[in-house]
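[1] Sequence and predicted structure are below.
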Amino acid sequence: MANKKIFADLTELSTAAADDVLPIVDDTTGTPTTKKISVSNLMAQAPVQTADISGFATTVSLGNHEALTSAVHGISAFGATLVDDTDAAAARTTLGLGTAATSASTDFFPSSYSTQTYTASGTPLAFTLTSAAKNKVVTVNETSNVYVTVPTGLGAGFNCKFVQLGAGKVVLQAGSGALLNSYTPGSEIQNTTLGQYAEIELVPVTTDSYVIVGNSTTGPFLNNYSVSLDGTNDYVDYGVLGALNSVSAFTISTWIKTSTANRMVFSGGTSNRMSLLAAGAQVILGGTTANIGSTDYDDGNWHQITLVYNSGTVTIYSDGSSTANGSSSIFASSTQSSAFNTFRIGQVANLYYFNGVIDEFAVWSSALSSSEIPDIQASNAPIDLRSDNGNYTSSSNLINYWRMGDNDGGSGTTVTDLVGTLDGTLTNGASFTADTP
């Protein structure tokens, strides 16, 4: 009769060889007898699980750490071959995923990163992305802000990360034809790193169109360009500024720099025209001239001039203050039905061409108050007029805003209207320049 038990004090074997034996009870339903069986014979009796996945018919790479035989896993009936292959790239290719260098690179970042280095130069510091940054990390270590242009032509699926290592923020700007977007609760695109060690990413949506994600905020206001006029025949032509014809209130503001007196800053219309000269703050309507104060602006320095029209009265503000200027009632609403039918900056009726530089030209459909005027500048420099600032609360009434090259990349002949649809054309040699207030 077979033994009933094996004593527990037998020596334990931690590993077994193929020819080691184990006790086994044979013929348990007949005449049970204790016999022995080798480890290899026992494993040969283990059941094999099979399934019909012949449609997979491919080669699968598991890597050395999972170098298992098809017999052990019972996949001999799968119509597949299990390959011990440590090359992950080969596995991706076999499975139709592409090589390790390209698979998913058009949509996702890899599990490990390489970096791309650029040299920022100029004032302000800037550089332009190239396709070499695709799927890489761009680190920026500067104490001043660095402005990065995202051009067209970077290729489908281009993406990269930016890391701000220094105190200077990374500011992304779309080149001509490219589009940058970001989720933001406000009206401004969030295209700037928040601070040191912040990170933002360019995620492709379509070719040359991206979404910015990460530690981002709205970028700082930057004024890089203005329009230069030679005083001979240059001007910026806008056609008809019809929004100001026959209205009871409006405001026009701009920055000018000139060393020559009696030069036209802007004008509208022909017979009924409103014009502002750089000497004496003159306003002209239909041939009638009113000298509002005696302030001249031909000292070669930048000045902000604001003209406010309110129910027939015109007031000129100089550098945020009206103390050196007065008001005139010559511009009656009854005579302004065509006052802005030929709106030009730097010229009127082929006379009085402006000789100097003009920047940041804005038009509101309301009369800005005397308390708002000082706050449409900050520390004697322009601000972004699309956002309220201090006492300035009329950004919603801004109807035309020409930044004189800043949203046109400082090139070409078009002066884009940043809030309206009335673009201007640089005429007779007028050009963008880097001279700004």
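    Yes, it's here.
[2] count of residues packed around Asp299?
    Other residues near Asp299 number 10, with proximity taken as other Cβ atoms under 10 Å. In short, each C-beta sits where N, CA and C put it, glycine included.
[3] Contact partners for it?
    Ser259 (Cβ atoms under 8 Å, 6 or more residues apart in numbering).
[4] what kind of secondary structure is Ser396 in?
    At Ser396, secondary structure determined by DSSP: H, G, I helix; E, B strand; the rest coil is helix.
[5] could you check the distance from it over to Trp364?
    Using Cβ to Cβ, to the nearest Å, we find Ser396 at a distance of 9 Å from Trp364.
[6] out of these two, which sits in the more crowded spot?
    Using other Cβ under 10 Å as the criterion, Ser396 and Trp364 rank with Trp364 on top: 25 against 11.
[7] tell me the contacts of the more buried one?
    Trp364 touches 250-252, 394, 397-399, counting by Cβ under 8 Å, 6+ apart.
[8] Which among these count as buried?
    Buried subset of these (neighbour count, 16 or more other Cβ atoms under 10 Å): 250-252, 394, 398-399.
[9] So which of the residues you listed is the closest to Asp27?
    Nearest to Asp27 among these, counting by Cβ to Cβ, is Leu398 at 99.3 Å.
[10] Could you list the low-confidence segments of the stretch 151-300 of the chain?
    184-188, 262-263, 269-295 (pLDDT under 70).
[11] switch to 80 and redo it
    Scanning the stretch 151-300 of the chain for pLDDT under 80 picks out 176, 183-189, 219-222, 245-246, 260-264, 267-298.
[12] now the helices: where do they sit in it?
    Per DSSP state H, counting those that start in this stretch, the stretch 151-300 of the chain carries no helices over any range.
[13] farthest-separated two in the buried ones among the contacts of Trp364?
    So, the buried ones among the contacts of Trp364 by Cβ to Cβ: farthest apart are Ile252 and Ser394, at 12.9 Å.
[14] for Arg368, what are its contacts?
    Residue 368: Leu, not Arg. With Cβ under 8 Å, 6+ apart, Leu368 has these contacts: 251, 253, 306, 308, 376, 392, 394.
[15] Now do the same for it: helix, strand or coil?
    Counting by three-state DSSP, the backbone at Leu368 sits in coil.
[16] hmm, back to that, could you export the contacts of Trp364 to TSV, including columns for distance to Met43?
    TSV is the format used below for these (distance: Cβ to Cβ, whole Å):
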residue	distance to Met43
Phe250	93
Thr251	92
Ile252	93
Ser394	86
Asn397	86
Leu398	83
Ile399	85
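[17] Show me which of these is closest to Phe221.
    Nearest to Phe221 among the contacts of Trp364, counting by Cβ to Cβ, is Leu398 at 14.6 Å.
[18] thought that closest one was touching Val419?
    Yes. Using Cβ atoms under 8 Å, Leu398 makes contact with Val419 at a distance of 5.4 Å.
[19] hey, what's in contact with both of those two?
    Arg386.
[20] quick one: stretch 200-218 to chain centroid distance?
    Its chain's C-alpha centre and that of stretch 200-218 lie 7 Å apart, by Cα atoms, centre = their mean, to the nearest Å.
[21] Pull the CA coordinates from that stretch and hand them back as CSV.
    Extracted C-alpha coordinates of stretch 200-218, given in CSV (Å, rounded to 0.1, in the frame of the first residue of the first chain):
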residue,chain,number,x,y,z
ILE,A,200,5.2,75.8,-22.6
GLU,A,201,4.6,73.6,-25.7
LEU,A,202,3.7,74.0,-29.3
VAL,A,203,1.1,71.4,-30.2
PRO,A,204,0.2,71.0,-33.9
VAL,A,205,-3.4,71.3,-35.0
THR,A,206,-2.9,71.6,-38.7
THR,A,207,0.1,72.6,-40.9
ASP,A,208,1.4,76.0,-39.6
SER,A,209,-1.3,76.1,-36.9
TYR,A,210,-0.6,75.5,-33.3
VAL,A,211,-2.0,75.5,-29.8
ILE,A,212,0.1,76.7,-26.9
VAL,A,213,-0.2,74.8,-23.7
GLY,A,214,1.7,74.7,-20.4
ASN,A,215,2.8,77.4,-17.9
SER,A,216,1.7,80.3,-20.0
THR,A,217,0.4,83.8,-19.6
THR,A,218,-0.3,86.9,-21.8
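[22] quick one on the thing from earlier: so which of the contacts of Leu368 is the closest to Val213?
    Nearest to Val213, judged by Cβ to Cβ, of the contacts of Leu368 is Tyr392 at 31.7 Å.
[23] any idea how far Leu368 is from the closest one?
    For Tyr392 relative to Leu368 (Cβ to Cβ), the value is 8 Å.
[24] Now the common contact residues for those two.
    What both Tyr392 and Leu368 touch, as defined by Cβ under 8 Å, 6+ apart, is the set Ile376.
[25] how deep is the nearest residue in space to Asn310 that is not next to it in sequence tucked in, by neighbour count?
    Among residues not flanking Asn310 along the chain, Ala367 sits closest, at 3.7 Å (Cβ to Cβ, 6 or more residues apart in numbering). Each residue near Ala367 was counted by other Cβ under 10 Å, and the total is 19.
[26] is it true that Ala367 touches Ile252?
    No. Applying Cβ under 8 Å, one finds Ala367 not in contact with Ile252, separated by 10.8 Å.
[27] Leu22 pairs with what?
    Ile37 (DSSP bridges).
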